[in-house]
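[1] show me the folded form of this:
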Amino acid sequence: MLLTVARIGRAHGLRGEVALDVRTDAPDERFVVGARFVTEPASAGPLEVVRVRTAQGRWYVTFAQAADRTAVEALRGVDLLVDTDEDQDDEDGWYQHELVGLRVEHVADGRVLGEVVGLEHLPAHDLLVVREPDGARTLVPFVEAIVPVVDVPGGRVVLDPPGGLLAADAEHLVVSDETRGDAVEG
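    This next block holds a predicted model:
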């Protein structure tokens, strides 16, 4: 099965180096000199890594097929894929293909809140994309406090949403004085 391990970001410098938006827990194993990646779209690859470095928590690579800034700028947004064995189990990690289609239930009473339709990767944490029964699309922080249960074999995720997180619960939105910008008397 092909899985995305990174998305190519912006060019860095003039000699073909590019920043990666890493999507793997083991970048030091994936991004090594000589590693070859299938790409999405396929027409952009395959790509072979010829240089790797990290700086301030970011990964930078140079590909044999893109020797200058112009060439790597054309690769921005391309996904790097690896063929992986699905038998690898990570108790606290899930791939998008495992989550899409899961039923979303409320922690208190088990009522159906929607269906997972995607996963968005952000620097702080991932977001589950949930389609609510009325069709509204809601982004849910994929953190244990809000998503305490991911039961892939059972076909569900369980949410403990704060008031107003879901579109169907907008009337219960809790807004603090700080958020509104109201002055707090002291």
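[2] sec struct for the residue lying closest to residue 2 once chain neighbours are set aside, please.
    Of all residues not flanking residue 2 in the chain, residue 81 sits nearest, at 4.4 Å (C-beta to C-beta, 6 or more residues apart in numbering). From N, CA and C alone the C-beta is placed, and that goes for glycine too. Classification of residue 81 using DSSP: H, G, I helix; E, B strand; the rest coil returns strand.
[3] if I look at residue 81, how far off is residue 10?
    20 Å (C-beta to C-beta, to the nearest Å).
[4] likewise residue 155?
    For residue 155, the distance to residue 10 - C-beta to C-beta - is 38 Å.
[5] ok, the residue nearest the centre of the chain - contacts?
    The chain has residue 121 as the residue nearest its centroid, 2.5 Å off, counting by C-alpha atoms, centre = their mean. Counting by C-beta atoms under 8 Å, 6 or more residues apart in numbering, residue 121 touches 21, 23.
[6] ok, now the one 10 residues further on?
    When contacts are counted by C-beta under 8 Å, 6+ apart, residue 131 touches 114, 115, 117, 137, 138.
[7] next: residue 94.
    Contacts for residue 94 (C-beta under 8 Å, 6+ apart) come out as 150, 152.
[8] count the neighbours of the residue nearest to residue 2 for me.
    Using other C-beta atoms under 10 Å, residue 81 has 19 other residues around it.
[9] that one touches residue 40, doesn't it?
    Yes - using C-beta atoms under 8 Å, residue 81 is in contact with residue 40, at 6.0 Å.
[10] which neighbours do the two have in common?
    Taking C-beta under 8 Å, 6+ apart as the contact rule, residue 81 and residue 40 both touch residue 4.
[11] so what's the gap between stretch 157-176 and the chain middle?
    22 Å (C-alpha atoms, centre = their mean, to the nearest Å).
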